[in-house]
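K.L.:
Have a look at this prediction, sequence included:
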There are 2 protein chains.
Amino acid sequence: MRVLVPFDADRPKTRLAEVLDGAERRAFARAMLRDVLAAVRGAGEDPDVLATAPVEWAGEPPDAPVTVDDRPLTAAVNAALDDAGRPLGVVMADLPLLTPAGVERARAATGDVVVAAGRGGGTNALVVRHPDFRVDYHGASYLDHLRAARSAGASVRELDSRRFATDVDEPADLVEVLVHGDGAAVEWLRDAGFRLDAGDGRVDVVRARG
Amino acid sequence: MRVLVPFDADRPKTRLAEVLDGAERRAFARAMLRDVLAAVRGAGEDPDVLATAPVEWAGEPPDAPVTVDDRPLTAAVNAALDDAGRPLGVVMADLPLLTPAGVERARAATGDVVVAAGRGGGTNALVVRHPDFRVDYHGASYLDHLRAARSAGASVRELDSRRFATDVDEPADLVEVLVHGDGAAVEWLRDAGFRLDAGDGRVDVVRARG
């Protein structure tokens, strides 16, 4: 199965600006993308990065082609849905907890459209097997995707996965990476000085600057 | 399988104080508890509320006995682990997205200890099949529970579930209930005037006071 991984190569992860500067946010976003690509590859599927601009990898590039499409997310993914065969996976690039087992669960789930929700009503992954289904990532996209599938006459299956649901957008999300991550993203965070701090019973992150 | 559902009957959900007063927080916490008990019952298991004080139900009480133990959570659950047979489930009371299918996945997961993580390093559910495993809910309890299982010589399986991971602690968590809930908690929120607001692309909750 081909798996599209949309990636904002220009100004990723602006909501992390409180804890990471622009160059750091770009590096951390690439590390998360590496984890997603590794999970997809690890499940034996073929990831294809759909990036807003060419990706400048630090170090060895991952084993995945990069297609540049500078349109907004919804338009770029729908153009790919127009052209690609089915099934087609669409997996967000900011899911650093993703594992091959998670990708295998998504592939094994039955349904013309398999949807993995993100936090806040978002959609973090889709497996599209129906020719008429198109995406709309604006707003509460999870509910919109359920409606779109119904309109297309497609059956829908929810993929109940914390690892798919954990998109990293805000500083508090870094806790999830430090607790549950074991790939490039958590390594990047540790190298940047981030640590868990459970001092007062609530878990937080702290950054030691060298 | 017996499934303990620890419940703070005294001062639940203090972090929702910004949007709910004390009586509302108690009522909403009971609605979430009802959803958890219904999911456990729906999976054919036997829920047992482990409450810090007697629970005053509004309306028909759910089909679950209530045991009162006013000790802190860790001590109360470990006392139950001392006395109960195995397997024993321990499921938090603030998981209003839980479904019977989720509980069935937990039961079907192999491992001497099955752990479902919450946000922030927490532990939202356990299935305990090993006699020597004990809990410690302080701090990053997920990592502590992995260590405790290893120390006890118990095999561990992670249950990768967004529905188990979605504990409702803060106002932002109400979005999850309004998007994905279909039980007593979402009904309570709607009756209290809460609605999704996706006006500017980011999804939030608003409350209309009648």
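P.N.:
Received it, and whenever you're ready, just let me know what you need.
K.L.:
Please count neighbours and contacts with C-alpha atoms only from this point.
P.N.:
Will do.
K.L.:
What about the residue lying closest to residue A:62 once chain neighbours are set aside, how many residues nearby?
P.N.:
In this structure, residue A:62 finds its nearest non-sequential neighbour in residue A:34, 6.7 Å apart by CA to CA, 6 or more residues apart in numbering or on different chains. A count of neighbours around residue A:34, defined by other CA atoms under 10 Å in any protein chain shown, yields 24.
K.L.:
ok, now residue A:59?
P.N.:
Residue A:59 is flanked by 6 other residues according to other CA under 10 Å.
K.L.:
From chain B, how far off is the most centrally placed residue in chain A?
P.N.:
With distances taken as CA atoms, centre = their mean, residue A:92 lies nearest the centre of chain A, 2.4 Å away. Separation of residue A:92 from chain B (CA to the nearest CA, to the nearest Å): 16 Å.
K.L.:
Phi first, then psi, for that residue.
P.N.:
phi -60, psi 160 (degrees, to the nearest 10).
K.L.:
Go ahead and confirm it touches residue A:122.
P.N.:
No - if you go by CA atoms under 8 Å, residue A:92 and residue A:122 don't touch, sitting 10.6 Å apart.
K.L.:
Now do the shared contacts for these two.
P.N.:
Counting by CA atoms under 8 Å, 6 or more residues apart in numbering or on different chains, residue A:92 and residue A:122 have no contacts in common.
K.L.:
Show me the contact partners of the helix or strand of chain A at the bottom of the mean pLDDT ranking.
P.N.:
In chain A, no helix or strand scores lower on mean pLDDT, DSSP states H and E than strand A:204-207, which sits at a mean of 92. With contact meaning CA under 8 Å, 6+ apart, strand A:204-207 is reached by A:172, A:174, A:175, A:192, A:193, A:194, A:195, A:196, A:197, A:198, B:120.
K.L.:
please redo it, this time with the cut-off set to 7 Å
P.N.:
A:175, A:193, A:194, A:195, A:196, A:197, A:198 (CA atoms under 7 Å, 6 or more residues apart in numbering or on different chains).
K.L.:
sorry, back to before: quick one: the residue nearest to the centre of chain A and residue A:127 touch, right?
P.N.:
No - Residue A:92 is beyond contact range of residue A:127, at 12.0 Å (criterion: CA atoms under 7 Å).
K.L.:
if I look at the residue nearest to residue A:58 when sequence neighbours are not counted, how far off is residue B:175?
P.N.:
Nearest-residue entry for residue A:58: residue A:27, 8.0 Å, with adjacent residues in sequence omitted and distances by CA to CA, 6+ apart. In this view, residue A:27 and residue B:175 are 30 Å apart by CA to CA, to the nearest Å.
K.L.:
Those two: who's more crowded?
P.N.:
residue B:175 (25 against 19).
K.L.:
tell me the contacts of that one?
P.N.:
Contacts of residue B:175 by CA under 7 Å, 6+ apart are A:120, B:196, B:204, B:205.
K.L.:
Those into TSV, with extra columns for distance to residue B:147?
P.N.:
Output for the contacts of residue B:175, formatted as TSV (distance: CA to CA, whole Å):
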residue	distance to residue B:147
A:120	32
B:196	40
B:204	37
B:205	38
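K.L.:
Just send those back as JSON lines, with neighbour count too.
P.N.:
JSON lines is the format used below for those (neighbours: other CA atoms under 10 Å in any protein chain shown):
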{"residue": "A:120", "neighbour count": "24"}
{"residue": "B:196", "neighbour count": "19"}
{"residue": "B:204", "neighbour count": "22"}
{"residue": "B:205", "neighbour count": "17"}
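K.L.:
Of the residues you listed, which is the nearest to residue B:56?
P.N.:
Nearest to residue B:56 among the contacts of residue B:175: residue B:205, at 28.0 Å, using CA to CA.
K.L.:
what about the longest helix in chain A?
P.N.:
Counting by DSSP state H, the longest helix found in chain A is helix A:22-42.
K.L.:
Quick check: neighbours of the very next helix or strand once past it in the sheet, parallel or antiparallel?
P.N.:
Next helix or strand after helix A:22-42 toward the C-terminus (DSSP states H and E): strand A:46-51. Strand A:46-51 has the following strand partners under DSSP bridges: strand A:2-7 (parallel), strand A:66-68 (parallel).
K.L.:
Let me know the average pLDDT across strand A:46-51.
P.N.:
What strand A:46-51 shows for mean pLDDT is 98.
K.L.:
Dump it to CSV, keeping only the CA atoms.
P.N.:
Extracted in CSV, the C-alpha atoms of strand A:46-51 (Å, rounded to 0.1, in the frame of the first residue of the first chain):
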residue,chain,number,x,y,z
ASP,A,46,5.7,2.3,0.8
PRO,A,47,5.8,5.9,2.3
ASP,A,48,5.7,8.9,0.0
VAL,A,49,6.4,12.3,1.5
LEU,A,50,4.0,15.0,0.1
ALA,A,51,5.9,18.1,1.1
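K.L.:
Please state the offset of it from the chain centre?
P.N.:
11 Å (CA atoms, centre = their mean, to the nearest Å).
K.L.:
do the same with stretch A:83-103
P.N.:
7 Å.
K.L.:
Quick one: neighbours of residue A:189, just the number.
P.N.:
Residue A:189 has 18 nearby residues by other CA under 10 Å.
K.L.:
mind saving the C-alpha coords of the host helix or strand of it as PDB?
P.N.:
Using DSSP H and E, residue A:189 maps to helix A:184-191. This file holds the C-alpha atoms of helix A:184-191, laid out as PDB (Å, rounded to 0.1, in the frame of the first residue of the first chain):
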ATOM      1  CA  ALA A 184      14.400   9.900  16.000                       C
ATOM      2  CA  ALA A 185      12.100  12.400  17.700                       C
ATOM      3  CA  VAL A 186      12.800  11.400  21.300                       C
ATOM      4  CA  GLU A 187      16.500  11.200  20.500                       C
ATOM      5  CA  TRP A 188      16.400  14.700  19.000                       C
ATOM      6  CA  LEU A 189      14.600  16.100  22.100                       C
ATOM      7  CA  ARG A 190      17.100  14.400  24.500                       C
ATOM      8  CA  ASP A 191      20.000  15.800  22.500                       C
END
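K.L.:
wait, does that helix make contact with chain B?
P.N.:
No - using CA under 7 Å from any CA of the partner chain, we find that helix A:184-191 stays clear of chain B, coming within 14.6 Å at best.
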